[in-house]
Every structure is written in structure tokens, then in C-alpha cells.
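J.: predicted coordinates and the sequence they were generated for:
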Amino acid sequence: MIDFGLLASMIVAVGVPSLLAWWWPLRTYTQPTGFLDVALIPALVGVLVGRIVTVALDDPTAFGRAASGEIGELLIIRSGVEFWPGLVVAAALLAWAARGDGVPVLARLAAIAPLAMVGYAAYEAGCVVRDGCFGPASPIGLRPPGVATTMVPVGWLMALAVVAAAWGVRRLALRGFSPAAQLAAAAVAIAGIRAVGSIWLPHVGDGLTRQHQTSIVAAVVALITVGVIVAREGQTLVSPAASPPDP
Amino acid sequence: MSDETEPETSDGRALPRWLWPTVVAAAAIAAGFLASRQPSLPEFSAEGPPVTLPASGELAPIDPVDLQGILAGQEGRPVVVNIWASWCAPCRAEMPLLQNAAASYGDDAVILGVAANDTPSAAADFIDELDITYPNTFDRTGNVARALDVSAFPTTYVFGADGELRAEVRGGISEQRLAGLVDDALAATETP
């Protein structure tokens, strides 16, 4: 059964930043390159790895069944894709491609980060056609199918916050902050937004969801990274090697 | 990109710049429309004399009248009815979530599985393998699936405390969707 909600979300997650790239060109490339050319394969591989990690955590025996031809469980995306492992693998692929092009890895990742954040925001905004974004009951909000009350579309609020963060990361680039500082700021923003958003998303039981736990850990790690960068670079956060993109 | 050369067709003609955004927008709108279509709920609710909830691991054979009786016996609390089959991969993926939900909601809400389009032995082995302890039944004639208009496996139905059907989710259900639907049904129970 095709999950059309997920399909729509994936299309906007890749399509919106691809369109935005017309105005926010990828300056670290030696020739005109579209966001789609750069990000599509890493994004797809990231989703696949995220799915494999989810299956490994939830039911490792599924791999045994997949080996005997029952691959259905591996392809059921709705039941979960781990965000952070997928993101790390996608970033690693981008870094590998940058190295192959002879471009500084951090500079290229930093150039892509705001567009990738906008793509993630578009994915979150598409939550109204997936299962995923309705928070607490509220007089102002949307009414999900099968629910009598209106609920706050937390995913939309998260999307707005991520777009604002992407703009902020872009401003850091324009002001000449080092690529490492831009990337650390992006990681803090995404982890923080996911951690805070998770507070209001419905879940079964009283404990924290895995999304909530991993986002808190990622936020702490990213904050420590920012601290290390600030301590190392001190007052010279502006990297002389960085070539700030044109406004 | 603003300085990007126009993409070309195989015979060298440039494609119009508006083509790509139009294709993206059309694809997103089409997929979003398909995703947001809501099936009309089947006419099925609690009815008739109350029937006791089956014991854990029993896999009692039922027909639609039995299911309506089970729903009648549980009036006063929401009931989640999950239609599943042992050959269905998404069913296997979501049943641990339903088990977790059964433990978390306790007596506040009921999780009830209905194995359909399956054999009793395969269904029994399946719930044993997954250590499922919430009540399960077996649709022996296929009439339960027909009465509920089941068109995909799994399908999950949420009945309110009044025994009326409130929601249907075709395909696998996420934790967030399940929690949202049950919490909403519980809230309706508290504020009739």
C-alpha cells in the first residue's frame, strides 16, 4: 500500500529547496549545480539507512526474513526512519563527493545546510497529509481525520522554526562565520527544535519517545561542539578561508 | 540556479524554466490530495447483548454479531480494533506498538485484534511469536472484514466509549496517530 502522505512529503522536501536554490546558489561548486543534483542521492541513501537503523532497533529478526525474500518489513517507511543516523550518512556522502571535487568538506556542507534545513522544514510542513504533526487539543488548530477536537499542528510550528533557523545559518555565512560554526549552529537548531517539538506530539505511555531522546542527545552534543568551536576560534569566528556567498 | 543553463531535450531544444516547478507542484498536490482523502466510515457499532472480551491468547472465532456484542460489553471505554493477518508485514511492524498501547492504557481503553483472511494455526503462531497478550479473535467466515469494509491489511478502527465508530486508519498506524485517536476518544469519554 503506497503511503501517499509520505510521498507528498518527500517531493516537497526535495522540491522546495531545489527551487530555493535558484535564489540561494551553491557557491562552493566550480560549475552551476542544482540542489537536486547534489542532494538527491545522499537524501535517498540517508532515508534507506535511517530505515535500516529503525528495523535494527525495533526488530533485528526482520533482516533474517528479508534475506529469505520477505523484504516488505524493510520497506514500510511509516513505521519509522531514524533521523540522526540518516542525516549523518547523507552528510558523509556529501563530504565524500566534496573531497572528490577537491572542495573543502566543511565549506560545502555549510553551503548546503540552509537548503537542507528548508527541505526538512518542507517535510515537517507536509505532516498534515501524513500521520505526524498534531499536538495538544486547542480551540485554534486543525481537526485531524477521526478526531473530534481541533489540535495544534506542531509540525507547522516546527517547520516555521526550522525556516527561521535556516535563515539564521545563512546569515552566519553572509557574516563570514566559519563553516564549522555554521554547521554546529544548524545542528543545535535542528536538534533543539525536534526536542522541543517532541514534547507536544502525542505518544503512547509516559516515557520519552526515541525521537525525543535522540534529539536531546544530539542537541547536547551540538551545543558542546559549539562551545569547543567558540573556545578554539575565540574572537576570530570569522574564518579567513571561508568565502562568504553573495547576498 | 539563476545562472544555470537551460536544460535541454535530447534533440537539443531548451525546456521551459517553468516546467520543473510545475511538475514538482503538481506531483506534491496530487500526492497530498490522495493522502488526504478520507474513507467514509462503515456503518458498524456496538449492538445487541454484551459479549465478554476474549481471554489473552484465546483467539476466539467471531462473526460480526459477536464483535458488535464485544463492543457493547466494553461501552464506557474506547475500543481499538486492529484487523491483521500473519502474512502481512505492516501488521508485524505495528503489533508491538499495539501491545505497548494495551499495557499503557490499561483499563482505560481496550485493544482488540481480529485476525482475518488467515488460518487459525498461522494466526495463533503469529501472536505467540510476537508475545502479544492483548485480546485477539479470529474472523472465521470473513464476514467481520466485509462488515467493516476492510480493503487493506492492517486496518485499525477506533470506537468511542459510546460504541460508535470514530476513526478508521488503513495501512500501518503510527504511534502518534494511535495516541492522538485514543486520547481524543478518552477526552470525549470524560466530557460527554
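T.: That came through fine.
J.: in the helix or strand hosting A:Gln213, what's buried?
T.: In this structure, A:Gln213 is located in helix A:210-233 according to DSSP states H and E. Neighbour-count burial for helix A:210-233, counted by 16 or more other CB atoms under 10 Å in any protein chain shown, picks out A:210-212, A:214-216, A:218-219, A:222, A:225-226, A:229. In this view, the C-beta of every residue, glycine as well, is placed from N, C-alpha and C.
J.: and stretch B:125-139, by the same measure?
T.: B:126-127, B:130, B:132, B:134-139.
J.: which SS class is B:Leu158?
T.: Quick fix: residue B:158 is Val, not Leu. strand (DSSP: H, G, I helix; E, B strand; the rest coil).
J.: what about it, distance to chain A?
T.: 7 Å (CB to the nearest CB, to the nearest Å).
J.: and what of B:Thr189?
T.: Counting by CB to the nearest CB, the gap from B:Thr189 to chain A is 11 Å.
J.: which stretches of chain A form strands?
T.: Along chain A, counting by DSSP state E, strands occupy A:134-142, A:151-153.
J.: please apply the same query to chain B.
T.: B:60-62, B:79-84, B:110-115, B:136-139, B:155-159, B:165-170.
J.: just put the strands of chain A in TSV and tack on distance to chain B, mean pLDDT and mean neighbour count.
T.: Converted to TSV, the strands of chain A look like this (distance: least, CB to the nearest CB, whole Å; pLDDT from 0 to 100; neighbours: other CB atoms under 10 Å in any protein chain shown):
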stretch	distance to chain B	mean pLDDT	mean neighbour count
strand A:134-142	6	82	16
strand A:151-153	7	86	20
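J.: and of those, who's closest to B:Val81?
T.: strand A:134-142 (21.8 Å; CB to CB).
J.: just the C-alphas of that closest one, formatted as PDB.
T.: What follows is strand A:134-142, C-alpha atoms only, in PDB (Å, rounded to 0.1, in the frame of the first residue of the first chain):
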ATOM      1  CA  PHE A 134      -0.800  17.200  15.600                       C
ATOM      2  CA  GLY A 135      -0.100  18.200  19.100                       C
ATOM      3  CA  PRO A 136      -2.400  19.100  22.000                       C
ATOM      4  CA  ALA A 137      -6.100  19.900  21.700                       C
ATOM      5  CA  SER A 138      -6.600  23.600  21.200                       C
ATOM      6  CA  PRO A 139      -9.500  25.900  20.100                       C
ATOM      7  CA  ILE A 140      -7.200  27.200  17.300                       C
ATOM      8  CA  GLY A 141      -5.800  24.500  15.100                       C
ATOM      9  CA  LEU A 142      -6.700  21.800  12.600                       C
END
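J.: helices or strands up against that strand?
T.: Applying 3 or more CB pairs under 8 Å, 6 or more residues apart in numbering or on different chains; DSSP states H and E, one finds that strand A:134-142 contacts strand A:151-153, helix A:154-174, helix B:175-190.
J.: which one of the ones you listed lies closest to B:Trp87?
T.: The nearest among these, by CB to CB, is helix B:175-190 at 22.3 Å.
J.: buried ones in the closest one, by neighbour count?
T.: B:175-186, B:188-189.
J.: so who does A:Arg194 touch?
T.: A:83, A:158, A:211, A:215, A:218 (CB atoms under 8 Å, 6 or more residues apart in numbering or on different chains).
J.: what score does it have for pLDDT?
T.: Listed pLDDT for A:Arg194 reads 93.
J.: ditto for the one 10 residues further on
T.: Looking at A:Val204, its pLDDT stands at 87.
J.: so it sits against B:Leu181, correct?
T.: No: applying CB atoms under 8 Å, one finds A:Val204 not in contact with B:Leu181, separated by 11.2 Å.
J.: just to revisit the earlier point, now the contacts of A:Arg194 in JSON lines, with distance to chain B?
T.: Output for the contacts of A:Arg194, formatted as JSON lines (distance: CB to the nearest CB, whole Å):
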{"residue": "A:Phe83", "distance to chain B": "14"}
{"residue": "A:Met158", "distance to chain B": "13"}
{"residue": "A:Gln211", "distance to chain B": "10"}
{"residue": "A:Ser215", "distance to chain B": "15"}
{"residue": "A:Ala218", "distance to chain B": "20"}
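J.: widest-spaced pair of these?
T.: A:Met158 and A:Ala218 (14.8 Å).
J.: quick one: residues contacting the residue lying closest to B:Ala124 once chain neighbours are set aside.
T.: Spatial nearest neighbour of B:Ala124, excluding adjacent residues (CB to CB, 6 or more residues apart in numbering or on different chains): B:Leu59 at 5.3 Å. Contact partners of B:Leu59, counting by CB under 8 Å, 6+ apart, are B:115, B:120, B:123-124, B:127, B:136-138.
J.: what is the residue nearest the centre of chain B paired to in the beta sheet?
T.: With distances taken as CA atoms, centre = their mean, B:Thr156 lies nearest the centre of chain B, 2.3 Å away. When bridges are called by DSSP bridges, B:Thr156 pairs up with B:Asn82, B:Val169.
J.: which helix or strand in chain B has the lowest average pLDDT?
T.: Lowest mean confidence among the helices and strands of chain B (mean pLDDT, DSSP states H and E): helix B:19-36, at a mean of 68.
J.: related to what we said a few turns ago, can you pull the contacts of the residue nearest to the centre of chain B?
T.: B:80-83, B:168-169, B:173, B:178.
J.: hmm, 7 Å instead?
T.: Residues near B:Thr156 by CB atoms under 7 Å, 6 or more residues apart in numbering or on different chains: B:80, B:82, B:169, B:173.
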